[in-house]
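> build me a model from this:
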Amino acid sequence: MAEVVVVEDQDAAGELAADSIVALIRSVPDAVLGLATGSTPLALYRALATKIASTGLDVSRVRGFALDEYVGLPAGHPESYRSVITREVVEPLGLDPERIHVPNGSLEGIEHAGADYEKAIAAAGGVDVQILGIGTDGHLGFNEPGSSFASLTRVKTLTEQTRNDNARFFDSADDVPVHCITQGLGTILRARHLILLAFGEGKAEAVAGAVEGPVSTSNPGSAIQLHPHTTVLVDAAAASGLRNLDYYRYAWQNKPAWQRL
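Prediction:
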């Protein structure tokens with residue numbers, strides 16, 4: 001069962017997750033972070049940047065792997081996930097850009113880009129903690145409904161819903177690429193710790209399906225039920241569809257002090 005923690009707001013979730021990641025880096029200076037993009041993890045990255053700056057934590061050896069990338073966007077496009085990760089994670093946290101990897105979405109070599117990325121993750125020793133958001137249709141990364149739980153990094157066709165959800169980052173929905181390259185659900189499940197964040201009533205159905213729904217490829221988020229160490233950080237609105245909400249609150253209130261996220 002995933003550990004579900006209901007927090008007051010996004011900032012509170014960011015603080016909790018950042019504390020866990022700081023503890024990881026102190027224990028493992030070359031820790032490998034799995035990096036998500038989008039608006040959901042921004043509070044986490046802000047909190048982590050503040051903690052790094054205030055404590056002088058050495059992050060020079062920290063490594064990272066982004067979840068996904070659009071296929072076919074020009075190099076340097078402001079909405080490419082390479083640009084987003086640089087802007088929202090690498091620079092604020094002071095990470096070494098040479099140690100932060102993003103799937104190669106260039107059309108040149110796209111046929112083997114997924115396999116190349118899998119080899120790079122394996123060579124790094126795997127991901128220590130994978131940060132995740134969840135789509136309104138339950139997608140993790142760009143693993144749309146129907147994605148295999150054994151899937152690895154590969155090219156996928158985005159649904160119209162996902163393209164419409166991401167249109168706010170582009171001039172129009174027509175500008176959102178049709179294809180992406182994404183870590184697979186199997187890749188994500190190999191990470192040693194999953195931290196999934198979700199906020200707002202619009203994510204309530206997806207959260208309920210991921211945490212308590214049937215495990216099904218029709219709901220990619222339900223893959224977290226197969227992982228031995230998953231933490232779900234949600235506000236009250238995103239948690240509103242959970243049947244066992246009272247238990248999750250009770251378990252968090254009575255969590256042993258020696259246990260971390």
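
> helices and strands of this protein: which one bottoms out on pLDDT?
helix 160-166 (a mean of 84; mean pLDDT, DSSP states H and E).

> and the helices in the stretch 151-261 of the chain?
For the stretch 151-261 of the chain, the helices defined by DSSP state H, counting those that start in this stretch occupy 160-166, 185-189, 204-212, 245-253.

> C-alpha coordinates for the least confident helix or strand of the chain, PDB please?
Written as PDB, here are the backbone C-alpha positions of helix 160-166 (Å, rounded to 0.1, in the frame of the first residue of the first chain):
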ATOM      1  CA  GLU A 160      -5.900  14.500 -27.500                       C
ATOM      2  CA  GLN A 161      -6.700  15.100 -23.800                       C
ATOM      3  CA  THR A 162      -3.000  15.200 -22.800                       C
ATOM      4  CA  ARG A 163      -2.200  17.600 -25.700                       C
ATOM      5  CA  ASN A 164      -5.100  19.800 -24.600                       C
ATOM      6  CA  ASP A 165      -3.900  19.700 -21.000                       C
ATOM      7  CA  ASN A 166      -0.500  20.800 -22.100                       C
END
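
> show me what it is packed against.
Helices and strands touching helix 160-166, by 3 or more CB pairs under 8 Å, 6 or more residues apart in numbering; DSSP states H and E: there are none. All C-beta atoms are positioned from the backbone trio N, CA, C, and that covers glycine.

> what's the closest of the helices of the stretch 151-261 of the chain to S151?
Among the helices of the stretch 151-261 of the chain, the nearest to S151 by CB to CB is helix 185-189 (5.2 Å).

> go ahead and confirm I188 touches L132.
Yes: taking contacts as CB atoms under 8 Å, I188 lies within contact range of L132: 7.3 Å.

> quick check on the nearest residue to E212 once chain neighbours are set aside: phi, psi?
What sits nearest to E212 in space, not counting adjacent residues and going by CB to CB, 6 or more residues apart in numbering, is R243, at 5.8 Å. With angles defined as degrees, to the nearest 10, R243 sits at phi -70, psi -30.

> how deep is R243 tucked in, by neighbour count?
Close neighbours of R243, defined as other CB atoms under 10 Å, add up to 9.

> dump the helices of the stretch 151-261 of the chain into a markdown table; add mean neighbour count as well.
Shown next, in a markdown table, are the helices of the stretch 151-261 of the chain (neighbours: other CB atoms under 10 Å):
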| stretch | mean neighbour count |
| --- | --- |
| helix 160-166 | 16 |
| helix 185-189 | 23 |
| helix 204-212 | 22 |
| helix 245-253 | 13 |
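
> so who does R163 touch?
Under the criterion of CB atoms under 8 Å, 6 or more residues apart in numbering, the neighbours of R163 are 173, 176, 178.

> list phi and psi for the last one.
Just to be clear, that refers to V178. Phi and psi for V178, reported as degrees, to the nearest 10, are phi -80, psi -30.

> same deal with the second one?
Backbone geometry at V176, expressed as degrees, to the nearest 10, gives phi -70, psi 130.

> pLDDT value on it, please?
What the model reports as pLDDT for V176 is 93.

> which ones are touching it?
158, 163, 166-167, 169-170.

> check the first one too.
Residues touching A173, when contacts are defined by CB under 8 Å, 6+ apart, comprise 163-164, 167.

> between the residues you listed, which is nearest R192?
R163 (32.0 Å).

> one step back: ok, the residue nearest to E212 touching V211?
No: look at R243 against V211 with CB under 8 Å: they stay out of range, at 9.3 Å.

> picking that back up, can I get the helices of the stretch 151-261 of the chain in CSV with distance to L261?
Listed next are the helices of the stretch 151-261 of the chain as CSV, based on distance: least, CB to CB, whole Å:
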stretch, distance to L261
helix 160-166, 28
helix 185-189, 17
helix 204-212, 16
helix 245-253, 10
